[in-house]
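Visitor: Have a look at this prediction, sequence included:
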Amino acid sequence: MAEYRRWHEQVWPGILESIHASGIEHMQIYQAGNRLFMIMEVNDAFSFEKKALADAASQEVQEWEKLMWRFQQALPFAQPGEKWVLMEKIFETNRPAQGGQ
């Protein structure tokens, strides 16, 4: 995990451009033990299908993904070759506004 984290301190510029060009406005990756969790905030232009097609057409993204697979382990229920799977949100809380604000 230490090497994976180091790579994410120096993400290739083309990878960052690919992320932003797809409509991803904000992305975070969290680590819990040997598990990674990604949270993305996207705009209306984003679709997983378009992102997958763009990634498949980019040699740089393919090289990055191949490199990252060295550090990642697929979840037992993931499809073959599926690195990330969608999570289902089951809880959220927001603090109510105070004093009519």
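Guide: Sure, I can see it. Numbering: from 1, shown residues only.

Visitor: Trp69 versus the residue nearest the centre of the chain, what's the distance?
Guide: Nearest to the centroid of the C-alpha atoms of the chain, with distances taken as C-alpha atoms, centre = their mean, sits Met38, at 4.6 Å. The spacing between Met38 and Trp69, counted by C-beta to C-beta, to the nearest Å, is 15 Å. Any C-beta I mention is one placed from the backbone N, CA and C, and that applies to glycine too.

Visitor: so where's this protein uncertain?
Guide: Counting by pLDDT under 70, the chain has low-confidence residues at 100-101.

Visitor: tally of neighbours for Ala54?
Guide: By the criterion of other C-beta atoms under 10 Å, Ala54 has 13 neighbours.

Visitor: whoops, I mixed them up, Ala74
Guide: 14.

Visitor: Doesn't the residue nearest to the centre of the chain lie inside a strand?
Guide: Yes - Met38 sits within a strand when classified using DSSP: H, G, I helix; E, B strand; the rest coil.
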